[in-house]
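*Asks:* Provide a 3D model corresponding to the input given below.
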Amino acid sequence: MKELPKYYTTLFAAATEAITELEARQPAQALMILTKAVRESEELYIQEQEQPET
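*Replies:* Residues are numbered from 1 along each chain as shown. Model prediction:
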C-alpha cells in the first residue's frame, strides 16, 4: 500500500477531531482545529513540492 502524503493525513486527523468537537457542541473549537490543519497542510504541501524527486 502506498503511503499517504503527510498533508492528507494531517487534514484527515483534524477532520476527525473536529467532528468529535461538533458532536460535543463545540463549533468554535472545531473551527479552530480545521483552520490550523489547513494552514499546516498547505505548508506541508508546499514543502513536498519543493523537494527534488529521487
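*Asks:* which residue is nearest the centroid of the protein?
*Replies:* Leu11 (2.1 Å; CA atoms, centre = their mean).
*Asks:* any idea where the helices of the chain begin and end?
*Replies:* 6-23, 27-50 (DSSP state H).
*Asks:* contact partners for the residue nearest to the centre of the chain?
*Replies:* Leu11 is in contact with 37-38, 41, counting by CB atoms under 8 Å, 6 or more residues apart in numbering. Heads up, the C-betas are built off the backbone N, CA and C, glycines and all.
*Asks:* would you quantify the distance from the residue nearest to Glu17 when sequence neighbours are not counted to Glu3?
*Replies:* Setting aside the residues directly before and after it, Glu17 is nearest to Ile33 in space (CB to CB, 6 or more residues apart in numbering), at 5.3 Å. Using CB to CB, to the nearest Å, one gets 24 Å for the distance from Ile33 to Glu3.
*Asks:* same question for Thr20.
*Replies:* With CB to CB as the criterion, Thr20 and Glu3 are 25 Å apart.
*Asks:* which one of the two has more residues nearby?
*Replies:* Thr20 (13 against 7; other CB atoms under 10 Å).
*Asks:* quick check, pLDDT for the more buried one.
*Replies:* Looking at Thr20, its pLDDT reads 98.
*Asks:* same question, Thr54
*Replies:* pLDDT, read off for Thr54, is 63.
*Asks:* now Lys6
*Replies:* 95.
*Asks:* which residue, neighbours along the chain excluded, lies closest to it?
*Replies:* Nearest one to Lys6, counting by CB to CB, 6+ apart, is Leu44 at 5.0 Å.
*Asks:* show me what contacts that neighbour?
*Replies:* Per CB under 8 Å, 6+ apart, neighbours of Leu44: 5-7, 10.
*Asks:* tabulate these (TSV), appending distance to Ala28.
*Replies:* Formatted as TSV, the contacts of Leu44 follow (distance: CB to CB, whole Å):
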residue	distance to Ala28
Pro5	29
Lys6	27
Tyr7	24
Thr10	21
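*Asks:* buried among those? Need that as a selection in PyMOL.
*Replies:* Buried members of the contacts of Leu44, defined by 16 or more other CB atoms under 10 Å, are picked up in PyMOL with:
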select buried, resi 7+10
